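Asks: Next comes the sequence, and after it the predicted model I'd like to discuss.
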Amino acid sequence: MAATNERIITVFGGTGFLGRRIVRHLRQSDFAIRIASRHPDMAERLFALDDPKLQSVEANIHDEGSVADAVAGAYAVVNAVSLYVERGRETFHSVHVESAQQVAAQARKAEVKRFAHVSGIGADATSPSLYIRKRGEGELAVRAAFADSTLVRPAVMFGPDDAFLTTIVKLLSRLPSYPMFGRGLTKLQPAYVEDVAEAIVRALQRTNIHAATFEFGGPRVYSYEELLRTVALEASLKSRLIPIPFAAWHILGWFAEMLPRPLITRNQVELMQVDTVASPEMPGFKELGITPVAVEEVLQEILWDH
């Protein structure tokens, strides 16, 4: 591929829920984007690839050669690949640790100037939760391979076609009684996916290229029960909330993971046992000049789609 171009950014996972928004926001900032994914045909369906500044390339994050090709000549790289259900060789360790390290290492080898890695609030290499622990180990592996990398930790993200609020709306509308995680006390700070995408673009454009970790949470912290009641109110639904012990949710998640598209997974249950709130001591939306959008502002669009 061509020599380093200061306006080319390679996005791994560029067809995903967050990744495709990152691509669009980068394009609006006049970057040229290389969308790296295992399914380039999906990029053709999502984007107008007749745009000369949009290029789709086939890349497998497990394969060193294809990763190297995807990052060659790029000014910046974003790793937005994520995994929520382990299947075969696709494990939390292989995706969030080994592959994340490989992408970062190849970016460093290609003399890429900026590297952003998407993780999540609560990532902790000492956590008893396998999913949370591998997210934390992935951050450490990325920093070891690319010292000046930018770590991005969003709270649970929402937006049209998400797997979060959309699922809540579906269940509230269909069930007379809504099964609630535990007693509904877990604290959440949902972040609008478009805000997170814009924040990543602005983080890449900072003049200060030293390593940084950003935590992105929305404008309001809810208990899980408060969030459910907010959604129900906006949707004009009356649903009885029934507390269900987390142990029962773990069993349900285990069975659900056998389905092609599980509505709930064990790692999601584990995440719902931990508060996911941005630390006031960490830089976030404010430092990047973004006023985050509230859940209530997007709910009507989600309800309309539903």
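Replies: Cool, got the structure. Residues are numbered from 1 along each chain as shown.

Asks: Number of residues surrounding Phe17?
Replies: 17 (other C-beta atoms under 10 Å). Backbone N, C-alpha and C define where each C-beta goes, glycine included.

Asks: and the gap between it and Val196?
Replies: 10 Å (C-beta to C-beta, to the nearest Å).

Asks: mind listing the strands for the stretch 1-150 of the chain?
Replies: Ranges of strands within the stretch 1-150 of the chain are 8-12, 32-37, 54-58, 76-79, 114-118, 150-154, based on DSSP state E, counting those that start in this stretch.

Asks: I'd like those as JSON lines, with mean pLDDT, distance to Val97 and mean neighbour count appended.
Replies: Listed next are those as JSON lines, based on pLDDT from 0 to 100; distance: least, C-beta to C-beta, whole Å; neighbours: other C-beta atoms under 10 Å:
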{"stretch": "strand 8-12", "mean pLDDT": "97", "distance to Val97": "15", "mean neighbour count": "27"}
{"stretch": "strand 32-37", "mean pLDDT": "94", "distance to Val97": "19", "mean neighbour count": "26"}
{"stretch": "strand 54-58", "mean pLDDT": "92", "distance to Val97": "23", "mean neighbour count": "18"}
{"stretch": "strand 76-79", "mean pLDDT": "98", "distance to Val97": "12", "mean neighbour count": "29"}
{"stretch": "strand 114-118", "mean pLDDT": "97", "distance to Val97": "11", "mean neighbour count": "25"}
{"stretch": "strand 150-154", "mean pLDDT": "98", "distance to Val97": "14", "mean neighbour count": "24"}
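
Asks: circling back to that earlier point, overlap in contacts of Phe17 and Val196?
Replies: Met157 (C-beta atoms under 8 Å, 6 or more residues apart in numbering).

Asks: buried stuff in stretch 200-214?
Replies: Using 16 or more other C-beta atoms under 10 Å as the test for burial, stretch 200-214 gives 200-204, 212-214.

Asks: tell me the contacts of Arg34?
Replies: Arg34 touches 8-11, 55-57, 70, 74, counting by C-beta under 8 Å, 6+ apart.

Asks: Distance to Ser223 for these - can I get that in CSV?
Replies: Shown next, in CSV, are those (distance: C-beta to C-beta, whole Å):
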residue, distance to Ser223
Ile8, 44
Ile9, 38
Thr10, 39
Val11, 34
Gln55, 44
Ser56, 42
Val57, 43
Ala70, 42
Ala74, 42
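
Asks: ok so, going back, farthest-apart pair in the buried residues of stretch 200-214, please.
Replies: Within the buried residues of stretch 200-214, Val201 and Thr213 form the most distant pair, 17.0 Å apart (C-beta to C-beta).

Asks: Between the two ends of stretch 80-98, what distance do you get?
Replies: The separation between the terminal residues of stretch 80-98, taken as C-alpha to C-alpha, to the nearest Å, is 14 Å.

Asks: And that stretch, what's buried?
Replies: 80-83, 85-86, 92, 94-98.

Asks: Which members of those residues are the farthest-apart pair?
Replies: Pairwise distances among the buried residues of stretch 80-98 were taken by C-beta to C-beta; the largest, 18.9 Å, belongs to Ala80 and Glu86.

Asks: what about the chain, any weak spots by pLDDT?
Replies: Applying pLDDT under 70 to the chain picks out residues 1-6, 306.

Asks: repeat that with 50
Replies: Across the chain, the ranges flagged by pLDDT under 50 are 1-4.

Asks: For it, which segments are assigned as helices?
Replies: With helices called from DSSP state H, the chain shows them at 19-28, 40-46, 64-71, 92-93, 100-109, 130-145, 165-174, 193-204, 224-234, 246-256, 266-271, 295-305.
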